[in-house]
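A.B. asks: Here is a sequence together with a model predicted from it:
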Amino acid sequence: MTLHNKDITCSIKIMFDGYTELWGSCNGLVLLVTDRVGMSVFNPTTLQRVYIPDSPLALDKNEFGTIYGFGYDSSSDDYKIVILSSYKDEMYEIVKFVDVYSLKRGVWNRVISSPYGHAYYDLLPGAFVNNAIHWLNASEESGVAIAAFDLANEVFYDVCGPTDARKEVFEAFDLVVLEGCLCMFTRFRATNVFWMLNEYGSVESWTKFKKTCEHMDTDESEFDTGGTFVESLVSPFLIASNDRINSEDEWPVIKHDDFTKEYDIPVISLSEILQKPEDDEMYKNVCRIMVAAAHKWGFFKLVDHGVASEIVDDIKICLNEFFNLSMEKKMNGSRNGSLPLGYSASNLDYERNLPWAEILQLLQSPQQVVEFSKRVYGDDHHLSLSNAIIKYMKAQEELGRIILKMLAHGLGLTSDFFTRNLTEKEAVMIRVNRYPPCPLPEKCLGLGSHSDPHTLTILLQDEIGGLQVLKDDDQWFGIRPVPNSFIVNIGDTLEAWTNGRLKSVVHRAVLNKESHRLSIAYFISPASTTVIESPPELVDSEPNPRKYASFTWGEFRKELLMQKRVVGKTALDRYLMYR
Ligand SMILES: O=C(O)CCC(=O)C(=O)O
Ligand SMILES: [Fe+2]
């Protein structure tokens, strides 16, 4: 079967119903999932297609970490679809379950859940060989590289990986089938690295080989979505190369360093008011200006903010040092049982999945910061990074309180209206985004269009530029970097809390070809039990009726954690009372 044949290519294209993804292949059949008609098994040779009813049990692939697998069970002469659903609960623990569809019987069944830490960052379809579907196991503790699901007995079992590759398996590899053998594959620049299990069941038969591919170097042809999709029908791992391109309506028209002359967000200086009492006229005036900026733009730049430049310089230096470490060292700081957040990246070469960024997330917990830093640098050398982060978070916490008090004051509320709820340190977190240079910045995004769900964000961006904000829901504009400033933006929770007086505005991070860009977002949230309900001062029956039903920050966060990617400001819309 050649899928490069023009006629077949055409027919296949005609058969696609909207955005189509390939989620498994076996015996020349492919499992397709399209946004319009859902799941189907497709025979590219005969162009026949069988539609599969949605599982009543599995979680939606667009919102959750859901992995698919497709295979043939020779013992019952039946094709089966396996869906691994998962979500993170409030404690960031992964909850998962497994559902199996029998094409012969036309039914979905839930089976015993998987004991493995599946590589959810990857979300590649399982690899079918030897009557079983295989996925990479991402939990380092077990030492088992591959989780296999036996289609006959519908149970999981271990497949040991190559002993000498064990350290690299996590995150760096994809699992594919090559010449009928299970194969771990990764690409480092133009070199493809393969580990092939020549004899199923024999650990010794893992064999490593490399292949350098001219055409796979990072040139633009690799990003051409037209052809690669059809190619991906025969080589499942190629489909991932399309994932890093955002859909066309998201492509950034404005470059990272394009800043309009006409407008930018307001700049607010705290120089005159940091030591002033609340009844001082100057203080009151700046509070009003801040509320007006947060109302109109949802964003402002803060200068003369009182945070020592050494603290800011120090964290930038330490974080850049961290991101410049080898991937192996950085991965020592990735999520595990005692570190619920930590470092994550798409893969070794940053080439596979969106977002086009390396991300470090840490809660405002000195113990966790130290744990992370020790795992990366060891017990004796962790102090410069951990101290820099702890000091920065402390300074941001103080600044956050100042801003939230000013906003409360400017809104006519008691000045501790928001800050009295900041009692849970671990509700607050830092997210460091390091965007590598991207060969195709006009089609990819560092961070897609989103609003911040928290109460308030204090963002530090370096001098490169790339933060863009959506004005009046339809016009993007770039935020010009200003030395020694922070960008402050209102989160969804604060918009609801203030009955829409302060706006949470959609923004995104665009990429560039030349430079790495660093941004550090400090997200402030109240205790999880805090009820987000606008106070009577901000609600009138006319003209400002209550806009949002009340919710707790804990509830809102839980919903967010269950969604894979929230585009725009959809999360808050759920609580809108009048649409
Ligand atoms: O990198 C940026 O400028 C934006 C970061 C951001 O919006 C976020 O982390 O939520
Ligand atoms: Fe953001």
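C.D. replies: Great, that's in hand. Numbering: from 1, shown residues only. Ligands and ions are numbered 1, 2, ... in the order given.
A.B. asks: thought G478 was touching G465?
C.D. replies: Yes. Using CB atoms under 8 Å, G478 is in contact with G465, at 6.2 Å. (C-beta placed from N, C-alpha, C; glycine too.)
A.B. asks: Now for these two: what residues contact both?
C.D. replies: 256-257, 259 (CB atoms under 8 Å, 6 or more residues apart in numbering).
A.B. asks: and which of those is nearest to ligand 1?
C.D. replies: H256 (9.8 Å; CB to the nearest ligand atom).
A.B. asks: list the contacts for the closest one?
C.D. replies: 441, 464-466, 478, 510-512, 517.
A.B. asks: Where does the prediction get shaky in the stretch 451-579 of the chain?
C.D. replies: The stretch 451-579 of the chain contains residues with pLDDT under 70 at 561-568, 570, 578-579.
A.B. asks: Tell me which helix or strand comes right after the helix or strand containing D99, heading toward the C-terminus.
C.D. replies: Using DSSP states H and E, D99 falls within strand 94-102. Using DSSP H and E, the helix or strand that follows strand 94-102 in sequence is strand 107-111.
A.B. asks: buried residues in that following strand?
C.D. replies: For strand 107-111, a neighbour-count test (16 or more other CB atoms under 10 Å) marks W108 as buried.
A.B. asks: and what of stretch 395-405?
C.D. replies: 395-397, 399-405.
A.B. asks: mind listing the strands for the stretch 301-450 of the chain?
C.D. replies: 342-345, 358-363, 429-435, 447-450 (DSSP state E, counting those that start in this stretch).
A.B. asks: and the first one, anywhere near ligand 1?
C.D. replies: I take that to be strand 342-345. No. Applying CB under 6 Å from any ligand atom, one finds strand 342-345 separated from ligand 1 by no less than 13.2 Å.
A.B. asks: before we move on, what about the second one?
C.D. replies: No. Using CB under 6 Å from any ligand atom, no contact is recorded between strand 358-363 and ligand 1, whose separation bottoms out at 8.3 Å.
A.B. asks: Show residues contacting that strand.
C.D. replies: 319, 322-323, 330, 333, 340-345, 350, 368-369, 372, 389, 425-426, 428-436.
A.B. asks: ok so, going back, nearest to T530, of the buried residues of stretch 395-405?
C.D. replies: Distance to T530 across the buried residues of stretch 395-405 (CB to CB) is lowest for L404, with 12.8 Å.
A.B. asks: The closest one and ligand 1, how far apart?
C.D. replies: Using CB to the nearest ligand atom, to the nearest Å, L404 is found at 18 Å from ligand 1.
A.B. asks: pLDDT score assigned to the closest residue to L319 other than its chain neighbours?
C.D. replies: Of all residues not flanking L319 in the chain, V432 sits nearest, at 5.6 Å (CB to CB, 6 or more residues apart in numbering). Confidence at V432, expressed as pLDDT, is 95.
A.B. asks: and V432, how many neighbours does it have?
C.D. replies: Burial measure for V432: 23 neighbouring residues, criterion other CB atoms under 10 Å.
A.B. asks: Could you verify that D540 is part of a helix?
C.D. replies: No. Judged by DSSP: H, G, I helix; E, B strand; the rest coil, D540 forms no part of a helix; its state is coil.
A.B. asks: So what's the residue count around it?
C.D. replies: So D540, with other CB under 10 Å, has 11 neighbours.
A.B. asks: Could you measure from it over to T260?
C.D. replies: In this view, D540 and T260 are 36 Å apart by CB to CB, to the nearest Å.
A.B. asks: ok, longest strand in the chain?
C.D. replies: In the chain, taking DSSP state E as the definition, the longest strand is strand 78-88.
A.B. asks: before we move on, back to that, closest one of the buried residues of stretch 395-405 to D472?
C.D. replies: I403 (24.5 Å).
A.B. asks: Please report the distance of that closest one from P162.
C.D. replies: 53 Å.
A.B. asks: Now do the helices in the stretch 1-150 of the chain.
C.D. replies: Using DSSP state H, counting those that start in this stretch, the helices of the stretch 1-150 of the chain run over residues 6-15.
A.B. asks: Repeat that for the stretch 151-300 of the chain.
C.D. replies: Using DSSP H, counting those that start in this stretch, helices in the stretch 151-300 of the chain cover 166-172, 225-232, 239-243, 281-296.
A.B. asks: cool, the stretch 301-450 of the chain as well?
C.D. replies: Using DSSP H, counting those that start in this stretch, helices in the stretch 301-450 of the chain cover 309-323, 327-331, 366-377, 383-410.
A.B. asks: tell me the angle the last one makes with strand 429-435.
C.D. replies: Using axes from the mean of the first three to the mean of the last three CA atoms, to 10 degrees, one finds that helix 383-410 and strand 429-435 are set 110 degrees apart in direction.
A.B. asks: What is helix 383-410 packed up against?
C.D. replies: In this structure, helix 383-410 makes packing contacts with helix 281-296, helix 309-323, helix 366-377, strand 429-435, strand 456-461, strand 517-524, judged by 3 or more CB pairs under 8 Å, 6 or more residues apart in numbering; DSSP states H and E.
A.B. asks: just to revisit the earlier point, mind telling me which of the helices of the stretch 301-450 of the chain the model trusts least?
C.D. replies: When I compare those, helix 327-331 is least confident, with a mean of 82.
A.B. asks: So which elements touch it?
C.D. replies: Packed next to helix 327-331, using 3+ CB pairs under 8 Å, 6+ apart, are helix 166-172, strand 342-345.
A.B. asks: how distant is it from the center of its chain?
C.D. replies: 19 Å (CA atoms, centre = their mean, to the nearest Å).
A.B. asks: Just the C-alphas of it, formatted as CSV.
C.D. replies: These are the backbone C-alpha positions of helix 327-331, laid out as CSV (Å, rounded to 0.1, in the frame of the first residue of the first chain):
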residue,chain,number,x,y,z
MET,A,327,18.2,18.1,29.5
GLU,A,328,19.1,15.2,31.8
LYS,A,329,19.9,17.6,34.7
LYS,A,330,16.8,19.6,34.1
MET,A,331,14.7,16.5,34.1
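A.B. asks: about what we covered before: switch the shared contacts of G478 and G465 over to TSV; also include pLDDT.
C.D. replies: Below are the shared contacts of G478 and G465 laid out as TSV (pLDDT from 0 to 100):
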residue	pLDDT
H256	92
D257	92
F259	90
